[in-house]
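Participant: Dropping a prediction and its sequence here:
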Amino acid sequence: MRLASDQGKTPESPLPSRFDKVTIATMPEIDFSRLPEMGEGLFTAPLKRPAHVGEDWLEPAQHAYGSDEDAIWDELFARQMQILPGRAASAFLSGLDRLDLGRGGVPDFGRLSAELNRLTGWSVVPVPMLIPDHVFFWHLANRRFPAGNFIRTRDTFDYIEEPDVFHDVFGHVPMLADPTYADYMQEYGRAGWKAMRYNRLKALGALYWYTVEFGLIQEAEGLRAYGAGILSGPAEAVFCLEAESPNRIMLNVDRVMRTDYVIDDLQPTYFVIESFEKLYHDTVDRDFDRLYKSLGAGFTYANTAIIDVDDVLHRGTQEYYLRGGRGSGAKAV
Ligand code: HBI
Ligand code: FE
């Protein structure tokens with residue numbers, strides 16, 4: 001289906017006037033029930049669709065895991081549960097509990113979706129690999145979370161290139177049991193559409209990175225992590241909260257969307273939110289059309305930068321980075 005706004009529009013040209021001054025929440029015109037076509041000229045990652053999945057990139061069924069794969073889930077789960085109490089956001093820990101992800105073995109997406117659906121209307125759907133941005137956003141806009149169907153092997157136990165079922169289901173899914181966060185994730189998916197039309201996916205990707213993947217939240221007892229990239233690994237859950245190296249700065253949506261990020265190492269800067277309600281309103285009530293028009297094509301701030309408008313909680317030493325980061329043997333201090 002071709003979107004009206006796609007008719008002959010190149011990504012550089014902003015949405016037609018009828019989209020002007022429309023926030024994400026009040027963008028009724030786009031029909032998210034079907035995967036709208038990309039239209040010519042809109043960039044999306046050149047991923048090769050496997051023959052056995054359709055345009056929605058969904059696997060016909062969840063993988064049937066062997067006992068060794070279930071054992072890998074159980075070992076990853078046990079390791080994280082040694083580290084996360086006192087470090088993970090309370091919304092994450094209660095979601096983990098309510099969805100009973102520690103039941104043993106890789107969770108069944110059908111059972112998980114039935115329970116999640118009752119809580120916040122979300123479901124978990126299996127995908128073979130990283131899927132194109134526009135398909136990913138479309139699923140989020142429909143409260144479907146695309147989760148990796150495969151699980152890592154023993155020799156990629158500590159670090160994976162692509163999100164596997166442990167990163168996605170253990171790291172992301174418990175947060176979807178929180179109603180406000182569940183709403184944020186759907187609005188984020190809807191926001192993807194507008195970002196594509198302005199060719200500003202990288203900017204929106206930075207917001208995802210510094211919230212959904214590596215976000216921190218201020219709780220009464222102190223800082224806690226809610227980002228899946230932190231919660232699904234052993235080192236970063238400690239580094240992000242306790243190390244001297246990284247900056248910790250209160251999140252500002254406009255500033256974060258101008259900030260570069262690394263995908264293959266610990267973050268040099270973590271952004272902190274006061275609450276999911278504030279994150280939701282700072283995003284949904286934001287007039288992204290005006291913002292996208294003011295954003296350059298690249299990033300303005302390096303991922304180590306502290307700028308004059310920042311509300312800084314901790315000015316990092318960047319020692320981990322200055323000593324060479326991942327692979328250099330530098331300690332995550
Ligand atoms: N695909 N399977 C999968 N999982 C992701 O997290 C994912 C993706 N494709 C694109 C994508 N994420 C990015 O657009 C977001 O990180 C913004
Ligand atoms: Fe992720």
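Facilitator: Yes, it's here. Ligands and ions are numbered 1, 2, ... in the order given.
Participant: if I look at the nearest residue to residue 202 once chain neighbours are set aside, how far off is residue 261?
Facilitator: With Cβ to Cβ, 6 or more residues apart in numbering as the criterion, residue 202 has its nearest non-adjacent residue at 7.1 Å, and that residue is residue 299. C-beta here means a position set from N, CA and C on the backbone, and glycine is covered the same way. Distance from residue 299 to residue 261, counting by Cβ to Cβ, to the nearest Å: 8 Å.
Participant: Now list whatever residues contact both of these two.
Facilitator: Here residue 299 and residue 261 have residue 206 as joint contacts, going by Cβ atoms under 8 Å, 6 or more residues apart in numbering.
Participant: So which elements touch the helix or strand of the chain with the lowest mean pLDDT?
Facilitator: Least confident element among the helices and strands of the chain, by mean pLDDT, DSSP states H and E: helix 288-294 (a mean of 84). The elements that helix 288-294 packs onto, with contact taken as 3 or more Cβ pairs under 8 Å, 6 or more residues apart in numbering; DSSP states H and E, are helix 179-197.
Participant: let's see it at 10 Å
Facilitator: Here helix 288-294 touches helix 179-197, helix 201-208, helix 253-256, going by 3 or more Cβ pairs under 10 Å, 6 or more residues apart in numbering; DSSP states H and E.
Participant: For that helix, buried residues please.
Facilitator: 288-289, 291-292 (16 or more other Cβ atoms under 10 Å).
Participant: before we move on, the earlier item: so for ligand 1, which of the helices and strands packed on helix 288-294 sits nearest?
Facilitator: Ranking these by proximity to ligand 1 (Cβ to the nearest ligand atom) places helix 201-208 first, at 4.0 Å.
Participant: tell me the mean pLDDT over the closest one?
Facilitator: Across helix 201-208, the average pLDDT comes to 92.
Participant: hey, C-alpha coordinates of it in CSV?
Facilitator: Extracted as CSV, the C-alpha positions of helix 201-208 are listed here (Å, rounded to 0.1, in the frame of the first residue of the first chain):
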residue,chain,number,x,y,z
LEU,A,201,16.4,7.5,11.3
LYS,A,202,19.8,7.9,12.9
ALA,A,203,18.5,10.7,15.1
LEU,A,204,15.5,8.6,16.2
GLY,A,205,17.8,5.6,16.6
ALA,A,206,19.9,7.6,19.1
LEU,A,207,16.8,8.2,21.2
TYR,A,208,16.1,4.4,21.2
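Participant: near ligand 2 at all, that helix?
Facilitator: No: under the criterion of Cβ under 5 Å from the ion, ligand 2 is not reached by helix 201-208; the shortest gap measures 8.4 Å.
Participant: That helix relative to helix 179-197, how many degrees between them?
Facilitator: When axes from the mean of the first three to the mean of the last three Cα atoms, to 10 degrees is applied, the directions of helix 201-208 and helix 179-197 differ by 170 degrees.
Participant: So which elements touch helix 201-208?
Facilitator: Helix 201-208 packs on helix 133-141, helix 179-197, helix 253-256, helix 276-284, helix 288-294, going by 3+ Cβ pairs under 10 Å, 6+ apart.
Participant: Dump those helices into a markdown table; add distance to residue 71 as well.
Facilitator: Output for those, formatted as a markdown table (distance: least, Cβ to Cβ, whole Å):
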| stretch | distance to residue 71 |
| --- | --- |
| helix 133-141 | 30 |
| helix 179-197 | 30 |
| helix 253-256 | 38 |
| helix 276-284 | 34 |
| helix 288-294 | 45 |
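Participant: Looking at those, which is nearest to ligand 2?
Facilitator: For ligand 2, the closest of the helices and strands packed on helix 201-208 is helix 133-141, at 10.2 Å, according to Cβ to the ion.
Participant: How far off centre is the helix or strand following that closest one?
Facilitator: Downstream of helix 133-141, the next assigned helix or strand under DSSP states H and E is strand 144-148. Centroid separation for strand 144-148 versus its chain: 11 Å, with Cα atoms, centre = their mean, to the nearest Å.
Participant: which residues sit against the helix or strand following strand 144-148?
Facilitator: Under the assignment DSSP H and E, the closest C-terminal helix or strand after strand 144-148 is helix 165. Residues from elsewhere that reach helix 165 (Cβ atoms under 10 Å, 6 or more residues apart in numbering): 62-63, 65, 69, 72-73, 76, 106-107, 109, 124, 126, 147-152, 173.
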